[in-house]
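A.B. asks: Okay, sequence plus prediction incoming.
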Amino acid sequence: MSILPIYVYDHAILKKKAVKIEHIDDSILQFIEDMKQTMHKAEGIGLAANQVGSPLALTVIDISPVEGYEQVKPLVMINPEITYYSDEETDYEEGCLSLPHLRELVLRPEAIQVQFYNEQIQPQTIEADGLLARVMQHEIDHLNGIYFTDRLSQLKRTLLQSKLRRISKGETTADYTIVLPDGSTIQSENDQ
Ligand code: ZN
């Protein structure tokens, strides 16, 4: 297993729509394990494949480190599609491994239904609400080339522009190895 470097704002792969997975082989299963390990090491609760440089429609989620969600099992979502959104929306402060140290309140539907394949290639339909629904929406947004900051008001986004620019220039202190838009990496000692 290996820890993968995390691509940050505004690398081109983070704006691309993910490619559906047609069949699962050992290399994809290995990649899923690497993604889980990378997410845990970086103390994230979700990770989309393009955040580690892959175009595949694949995300891993594990919200069990969050207080009150210890019993929620980790999820692998292959080719996920949201098939229902609740009318009720809620605000919650989100962060993102591709936007180190940036946290903002994001308004999203409180509940969703999502369809996907798990790593055993079984079709799944899950109804989720609260934090799980939020992380699922955040990760599926990544697979469509959308950052959580894209969901903020125009004013908020304007105010964040200089922070985003600093991230894209590598003027940030992530606790994990990052890949900048120009393809250069900034190594973290934590990943040694
Ligand atoms: Zn994210």
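C.D. replies: Sure, I can see it.
A.B. asks: So for residue 134, what's the pLDDT?
C.D. replies: You'll see residue 134 listed with a pLDDT of 98.
A.B. asks: Any idea how many residues pack against it?
C.D. replies: The tally of other residues near residue 134 (other Cβ atoms under 10 Å) stands at 23. Bear in mind the C-beta positions are built from the backbone N, C-alpha and C, glycine included.
A.B. asks: now the strands: where do they sit in this structure?
C.D. replies: 6-7, 46-48, 58-61, 75-85, 89-94, 104-109, 111-117, 123-129, 178-179, 185-186 (DSSP state E).
A.B. asks: Next, format those strands as TSV and append mean pLDDT.
C.D. replies: Formatted as TSV, these follow (pLDDT from 0 to 100):
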stretch	mean pLDDT
strand 6-7	98
strand 46-48	98
strand 58-61	98
strand 75-85	98
strand 89-94	98
strand 104-109	98
strand 111-117	98
strand 123-129	97
strand 178-179	98
strand 185-186	96
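A.B. asks: Looking at the ones you listed, which is nearest to residue 146?
C.D. replies: Ranking these by proximity to residue 146 (Cβ to Cβ) places strand 46-48 first, at 10.3 Å.
A.B. asks: Below-threshold pLDDT in this structure: ranges please.
C.D. replies: Applying pLDDT under 70 to the chain flags residues 191-192.
A.B. asks: run the last query once more with 80
C.D. replies: Within the chain, the stretches with pLDDT under 80 are 1, 189-192.
A.B. asks: nearest to residue 150, of the strands of the chain?
C.D. replies: Of all these, it is strand 104-109 that lies closest to residue 150, at 9.8 Å by Cβ to Cβ.
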